[in-house]
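Asks: no sequence for this one, just the structure:
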C-alpha cells in the first residue's frame, strides 16, 4: 500500500483517513473527504480554474488542453499548474465549509494563509546574505507563489538574526526546518504561537497572517508612491498588477532590505496623523 505525506503534519501515512481521524481528530466528514482528496491528489471537479495569472478564460473543463494550446507550457509547467488548480479547487471548498461554522468543527487550516516561515530551512538561514547596512536577507525557496515570484526574501536586523540562529543552535530536536515540531517536521502551528505572543504583550483581537498582509497592502497602496509599492509588493510575493510571465528573477538583497523599510514606513504613517 502506498504512503502519502500528510498536509497537516508532514508525517507519512498509508491509511490517510485513519491518520487524519486519530492523529488530528478530524471528525467532520466533508472536511475529511476534501483533505483526503488533496493529500492523494484526487481530482475534485471536472471544471477547474486556470491558475495562470492574467488568463481571461477562467474555468475550463479541459484544463490540460487549455494550458497546452493557450499558454504553451512545457511538461514541468503543466504539472505544476495542474497541481495548483487541484489545490485551489479543494481550498475553495474548505473555505466555503468554514464559512458555514460546521459541527463538528474543522481542525485543518489548509484554506488559511500559511506564511513563508513554515517552509524556511535552517540551511537557508545559514546562507543569509548581508546587506550594506548589516541586515541579513534570507532567501526561501519553497512557498505558495514561488513559480511566479521566485524565492521569497526575509530581511532581519542583526539582533533578530541572532535570535533566530541561537534558537536553531540550542534546540534539542534535529530538523531541516527553521521552525519545527517535536518530531522535527514542519511546525504547522505558527499561527497559534503568533497569537499566543500577541496576547502575551497585551494586544487585542485574534489576527492572522492574512490580516497583517492585507493591512500592509492597504497602507502601501494609500501611502506609498507607485515605484515603492511595486518594491513592497514584490517582497511580499503580491503583485500590484496581474503577472504576465510564469517565472521572474529573484529580488536583489538591497531591494529586499529596502522593502522592509517601506513596509514600516507605510504602517508608521498612521502614527504621524
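Replies: Sure, I can see it. Because the structure is predicted, anything quoted here is derived from the model rather than measured.
Asks: hey, where'd the strands end up in the stretch 151-273 of the chain?
Replies: 152-156 (DSSP state E, counting those that start in this stretch).
Asks: Flag the shaky bits of it, pLDDT-wise.
Replies: Across the stretch 151-273 of the chain, the ranges flagged by pLDDT under 70 are 220-221, 229, 231-260, 262-273.
Asks: neighbours of residue 142, just the number please.
Replies: Residues within reach of residue 142, counting by other C-beta atoms under 10 Å, total 13. Glycine gets a C-beta too; all of them are placed from N, C-alpha and C.
Asks: if I pick it, what's in contact with it?
Replies: Residue 142 is in contact with residue 119, counting by C-beta atoms under 8 Å, 6 or more residues apart in numbering.
Asks: In three-state terms, label it for me.
Replies: Following DSSP: H, G, I helix; E, B strand; the rest coil, residue 142 is assigned to coil.
Asks: What does the pLDDT read for it?
Replies: Looking at residue 142, its pLDDT is 73.
Asks: how much space between it and residue 16?
Replies: 22 Å (C-beta to C-beta, to the nearest Å).
Asks: what's the answer for residue 153, then?
Replies: Taking C-beta to C-beta as the measure, residue 153 falls 35 Å from residue 16.
Asks: which of these two has more neighbours?
Replies: Neighbours per residue (other C-beta under 10 Å) separate residue 153 from residue 16, with residue 153 holding more: 25 against 20.
Asks: hang on, the more buried one packs against residue 136?
Replies: No. The criterion here is C-beta atoms under 8 Å, and residue 153 misses it with residue 136 at 10.8 Å.
Asks: got a list of contacts for stretch 69-81?
Replies: Here stretch 69-81 has contacts from 50, 51, 52, 55, 57, 63, 64, 67, 68, 147, 246, using C-beta under 8 Å, 6+ apart.
Asks: and if we set it to 10 Å?
Replies: Applying C-beta atoms under 10 Å, 6 or more residues apart in numbering, the contact partners of stretch 69-81 are 48, 50-52, 54-57, 60, 62-64, 66-68, 82, 146-147, 246-247.
Asks: pLDDT (mean, whole number) over the helix or strand harbouring residue 69?
Replies: Residue 69 belongs to helix 63-71 when assigned by DSSP states H and E. Averaged over helix 63-71, pLDDT sits at 87.
Asks: Renumber starting at 99 from here on
Replies: Okay, using 99 as the starting number, the last item reads as helix 161-169.
Asks: how distant is the helix or strand following that helix from the center of its chain?
Replies: Using DSSP H and E, the helix or strand that follows helix 161-169 in sequence is helix 173-196. Relative to its parent chain, helix 173-196 has a centroid offset of 14 Å by C-alpha atoms, centre = their mean, to the nearest Å.
Asks: what's the answer for stretch 114-124, then?
Replies: Worked out by C-alpha atoms, centre = their mean, stretch 114-124 lies 23 Å from the chain centre.
Asks: Return the distance of residue 136 relative to residue 110.
Replies: For residue 136, the distance to residue 110 equals 16 Å [C-beta to C-beta].
Asks: what about those two, which has more around it?
Replies: Set residue 136 next to residue 110 and count neighbours by other C-beta under 10 Å: residue 136 wins out with 22 against 11.
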